[in-house]
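Visitor: Turn this into a model:
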Amino acid sequence: MRRKHSFIDGERIRRGSTLRRVEPVHERLATGLAAIPQLRYIKLFPDRLAASSHLSTDGRKNPVVAVGGEGVTGVELLIDADVRVVQFYTITSAMQGCGRKMVEAIVGATPADWMVAVPMNWSGGFWERMARDYSRLRVL
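Guide: Have a look, this model is predicted:
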């Protein structure tokens, strides 16, 4: 039987059917991202989290995080609770300044003893700027 979590409301914040255990970091990240009005949909999965302004139309109701997608603002994170790392997998923003808001929310919600990392960088300068502004962020 699944334990109910008060922050998962089934509308804005959802959990994937394969998620068996909600880690405390899931709650912190989802709550932090929920403070950004553009991110209307947040979904928790095993070892990852996705948040977006749009939902998929394939019946799964997953947040769409397509880089360069028209009008899409979103982020997908990989979460490794065993080694305490949150990695930015994908980030896209159709609105100026929303990328910074997402980074700020994620860095602020990640526990102090965890690493926040960007393992792949094709941003053309965005991640370097974020790393200067948020000292916990590691661009690898």
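Visitor: Just the helices from this structure, written as ranges.
Guide: Secondary structure of the chain (DSSP state H): helices at 24-34, 98-109, 126-133.
Visitor: Show me what the first one is packed up against.
Guide: Counting contacts by 3 or more Cβ pairs under 8 Å, 6 or more residues apart in numbering; DSSP states H and E, the secondary-structure elements packed against helix 24-34 are strand 41-45, strand 48-52, strand 74-80, helix 98-109. C-betas here are computed from N, CA, C, even on glycine.
Visitor: one step back: for Ser17, which of the helices of the chain is the nearest?
Guide: Nearest of the helices of the chain to Ser17, taken as Cβ to Cβ: helix 24-34 at 15.1 Å.
Visitor: mind listing what's buried in that closest one?
Guide: Neighbour counts using 16 or more other Cβ atoms under 10 Å place 25-30, 32-34 of helix 24-34 among the buried residues.
Visitor: next one: stretch 71-86
Guide: By neighbour count on 16+ other Cβ under 10 Å, the buried set for stretch 71-86 is 72-79, 85-86.
Visitor: tell me the mean pLDDT for it?
Guide: Over the span of stretch 71-86, the pLDDT mean works out to 97.
Visitor: Pull the distance from it to the chain's centre.
Guide: 5 Å (Cα atoms, centre = their mean, to the nearest Å).
Visitor: Just the C-alpha atoms of it, please, in CSV.
Guide: Output of stretch 71-86 as CSV, limited to C-alpha atoms (Å, rounded to 0.1, in the frame of the first residue of the first chain):
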residue,chain,number,x,y,z
GLY,A,71,6.2,27.7,-25.7
VAL,A,72,7.7,25.0,-23.4
THR,A,73,9.3,25.8,-20.1
GLY,A,74,10.5,22.9,-18.1
VAL,A,75,13.3,20.9,-16.4
GLU,A,76,14.1,17.3,-15.9
LEU,A,77,16.4,16.2,-13.1
LEU,A,78,18.2,12.9,-12.4
ILE,A,79,18.2,12.1,-8.7
ASP,A,80,20.7,9.6,-7.1
ALA,A,81,19.8,9.4,-3.4
ASP,A,82,22.5,6.8,-2.7
VAL,A,83,25.4,9.1,-3.7
ARG,A,84,23.4,12.4,-3.0
VAL,A,85,23.5,14.0,-6.5
VAL,A,86,20.9,16.0,-8.4
